[in-house]
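Asks: with the input below, show me the fold.
(2 chains)
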Amino acid sequence: GEDVEQSLFLSVREGDSSVINCTYTDSSSTYLYWYKQEPGAGLQLLTYIFSNMDMKQDQRLTVLLNKKDKHLSLRIADTQTGDSAIYFCAGTYNQGGKLIFGQGTELSVKP
Amino acid sequence: SAVISQKPSRDICQRGTSLTIQCQVDSQVTMMFWYRQQPGQSLTLIATANQGSEATYESGFVIDKFPISRPNLTFSTLTVSNMSPEDSSIYLCSVLASSYNEQFFGPGTRLTVL
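Replies: Modelled structure (predicted):
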């Protein structure tokens, strides 16, 4: 079945860029998403990319998609302490809307 | 974006009892889903809540344990039946915004079973 994998932890200094990586196995994915979960909170949709795109930029966020390598990344420019959270990538592989989630990457931003 | 509310936000329950979680959306949506997030884990889809028909369950989840209702396009309930400590999780509903393939999540219901 589909599988989505992420590294579990990332630590950066405030002001640096953060890059969170995700790999997936199913090449028929249609949409790929990035969600943010702060402690004790639900999931916040940050951005998503359609599978026929290579890149999408939204303010401090840049999503890169390499379909050949089945690799998705989220770059956060000028990372702030408020960006500390768990970041999940997820893909939807059919029109039914089911999301397959990665394990989540815990981003720690140090002042 | 859709605004989603869930009730209760958290609860502590005794084993063997049942809890019904409500999900309300501020606009009509075609698709609603229920996910489970076990402690320290990622999210797993329980089922798709279908309006006017039985929910579609994922492998490992059954209707007797997680009955779901969806009486209209803005509301759904998930019941966790005959609870055990292994059911302690965060339960989240989500909706698919039909126009842009954006899937939004509710704030979640944090359930602890003693």
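
Asks: I'd like the mean pLDDT over stretch A:77-88, please.
Replies: Stretch A:77-88 shows a mean pLDDT of 96.

Asks: do the same with stretch A:30-44
Replies: 90.

Asks: quick one: name the residues of chain B near chain A.
Replies: B:1, B:31, B:33, B:35, B:41-45, B:48, B:58, B:92, B:94, B:96, B:101-108, B:110 (CB under 8 Å from any CB of the partner chain). The C-beta positions use only the backbone N, C-alpha and C, and glycine is treated the same way.

Asks: so which of these belong to helices?
Replies: Assigned to helices by DSSP state H, none of the residues of chain B next to chain A qualify.

Asks: quick one: least confident helix or strand in chain B?
Replies: When the helices and strands of chain B are scored by mean pLDDT, DSSP states H and E, strand B:102-105 comes last with a mean of 91.

Asks: about what we covered before: can you turn the buried part of the residues of chain B next to chain A into a PyMOL selection?
Replies: Typed into PyMOL, the line below selects the buried ones among these, using 16 or more other CB atoms under 10 Å in any protein chain shown:
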select buried, chain B and resi 31+33+35+42+43+44+45+48+92+94+96+102+103+104+105+106+107+108+110
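
Asks: count of residues packed around residue 80?
Replies: All of this is about chain A. 12 (other CB atoms under 10 Å in any protein chain shown).

Asks: wrong one, chain B
Replies: 25.

Asks: beta partners of it?
Replies: Beta-bridge partners recorded for B:Val80 (DSSP bridges): B:Leu19.

Asks: ok, it touching B:Pro67?
Replies: No. The criterion here is CB atoms under 8 Å, and B:Val80 misses it with B:Pro67 at 9.2 Å.
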